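Asker: Need the 3D shape of this:
(one chain, ligands or ions: 2)
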Amino acid sequence: MTVTAERGSDLIGPVELARELGLAVPTPEQVAVIAAPVEPALVIAGAGAGKTETMAARVVWLVANGIVAPERVLGLTFTRKAAGQLGDRVRARLRRLAASPLLDRLDPGGQRRAALLACDPTVLTYHAYAGRLVAEHGLRVPVEPGARPLTETAAWQLAHRVVSTWTEDIDTDKVPATITNLVLDLSGELAEHLVDPDDLVRWTTRFLDAVENAPRAARQRAGLPKDLQRILATQRLRVALLPLLADYARRKRRGG
Ligand SMILES: Nc1ncnc2c1ncn2[C@@H]1O[C@H](COP(=O)(O)OP(=O)(O)OP(=O)(O)O)[C@@H](O)[C@H]1O
Ligand SMILES: [Mg+2]
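Answerer: Ligands and ions are numbered 1, 2, ... in the order given. Below is the predicted model:
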């Protein structure tokens, strides 16, 4: 039996647990992740390396040993496909565990089996989980109880409407679809980094000033190098798009 440091010797190890449940035996690397202490951890592994398998086994190991109740587990993924795979594997394994005689041995009182029968872990995409949070707790913010986060498609359509009905000049040769993507990307990046548009304007002004007024090398007298000019143009365009971002945010709040 594998023993973890934090809980003493009464825990079942990942290898024995897999054997008891008739599942693939984890590799030593997987074992280290499955039975890791309950604290934040970052695991990096390549495509097809066995990440989903390991996460599912981790959940089952935590539940089998009574360290975590199934309803306290939250699994979040970027794509619906990944959430589907992870959720299916976690649920299938927990069902095996619930039906296994092993559980009688680990949990003579029967609380873990009762918890397993009562509740599944939550495994969702970030987006779906955010939608659930808004639906359940939106009134505290407050947003309307019926409010939902925009789907990616709806967000794109909304931003595209902003761009294609924009009447003022934007100094660019890019097509509206490209501008739409830029608006959405910039809006997402600003929100994620908690940067407000005024900060971006201030930063850009300083940045442009620093680059354009820096002392030039002899061969730069005629003008800045092409790649540097491209960077400056990108940054200028970002600032030029801010009014569109504001309109997009306004329409989003209004719900279209
Ligand atoms: N220890 C193991 N023994 C046998 N098979 C395993 C083991 N670990 C994973 N596998 C199998 O390897 C395949 C890939 O595993 P998994 O889907 O978990 O990888 P992943 O890293 O999540 O892949 P992706 O990058 O596609 O999401 C699956 O068929 C899985 O059942
Ligand atoms: Mg996977």
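Asker: Could you tell me which residues make contact with the residue in the stretch 51-200 of the chain that ligand 2 sits nearest to?
Answerer: In the stretch 51-200 of the chain, no residue comes nearer to ligand 2 than Thr52, which is 3.3 Å away by C-beta to the ion. Bear in mind the C-beta positions are built from the backbone N, C-alpha and C, glycine included. Residues near Thr52 by C-beta atoms under 8 Å, 6 or more residues apart in numbering: 82, 85-86, 89.
Asker: Near Asp173, how many other residues are there?
Answerer: Residues near Asp173, counting by other C-beta atoms under 10 Å, number 5.
Asker: Kindly report the same for Pro215.
Answerer: Pro215, neighbours per other C-beta under 10 Å, totals 5.
Asker: Let's have the contacts of Thr52 in JSON lines, adding distance to Asp10 and pLDDT.
Answerer: Formatted as JSON lines, those follow (distance: C-beta to C-beta, whole Å; pLDDT from 0 to 100):
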{"residue": "Ala82", "distance to Asp10": "34", "pLDDT": "92"}
{"residue": "Gln85", "distance to Asp10": "32", "pLDDT": "94"}
{"residue": "Leu86", "distance to Asp10": "28", "pLDDT": "96"}
{"residue": "Arg89", "distance to Asp10": "26", "pLDDT": "96"}
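Asker: now those: which count as buried?
Answerer: In the contacts of Thr52, burial by neighbour count holds for 82, 85-86, 89, counting by 16 or more other C-beta atoms under 10 Å.
Asker: Can you pick out the most distant pair from those residues?
Answerer: Ala82 and Arg89 (10.9 Å; C-beta to C-beta).
Asker: So, low pLDDT: which residues of the stretch 101-250 of the chain?
Answerer: 145 (pLDDT under 70).
Asker: So which residues of it form strands?
Answerer: Using DSSP state E, counting those that start in this stretch, the strands of the stretch 101-250 of the chain run over 122-125.
Asker: Return the residues in contact with Leu245.
Answerer: So Leu245 contacts 183, 186-187, 190, 197 (C-beta under 8 Å, 6+ apart).
Asker: Give me the neighbour count for the closest residue to ligand 1 within the stretch 151-256 of the chain.
Answerer: Nearest residue of the stretch 151-256 of the chain to ligand 1: Glu152, at 20.6 Å (C-beta to the nearest ligand atom). Look at Glu152: counted by other C-beta under 10 Å, it has 10 neighbours.
Asker: Equivalent analysis for Ala83, please.
Answerer: 20.
Asker: Quickly find the element holding it.
Answerer: helix 80-99 (DSSP states H and E).
Asker: So which elements touch that helix?
Answerer: Identification of packing neighbours for helix 80-99 by 3 or more C-beta pairs under 8 Å, 6 or more residues apart in numbering; DSSP states H and E yields helix 14-21, helix 51-64, strand 74-77, helix 111-118, strand 122-125.
Asker: Residues in contact with it: which ones?
Answerer: 21-23, 52-53, 55-57, 59-60, 63-64, 70, 73, 75-77, 103, 113, 116-117, 120-121, 123-125, 128.
Asker: quick one: contacts for the residue of the stretch 151-256 of the chain closest to ligand 1?
Answerer: His127.
Asker: Could you check how far it is from Gly146?
Answerer: 20 Å (C-beta to C-beta, to the nearest Å).
Asker: just Ala41 next, same as before
Answerer: With C-beta to C-beta as the criterion, Ala41 and Gly146 are 38 Å apart.
Asker: any idea which of the helices and strands packed on helix 80-99 is most buried?
Answerer: Across those, the average number of neighbours (mean count of other C-beta atoms under 10 Å) peaks for helix 51-64, which reaches a mean of 22.
Asker: Do any residues in that helix lie close to ligand 1?
Answerer: Yes - looking at helix 51-64 against ligand 1 by C-beta under 6 Å from any ligand atom, the contacts come from 51-53.
Asker: Average pLDDT for that helix, rounded please.
Answerer: On average, the pLDDT along helix 51-64 is 96.
Asker: Go ahead and measure how far that helix is from the middle of the chain.
Answerer: With C-alpha atoms, centre = their mean, to the nearest Å as the basis, helix 51-64 stands 19 Å off its chain's centre.
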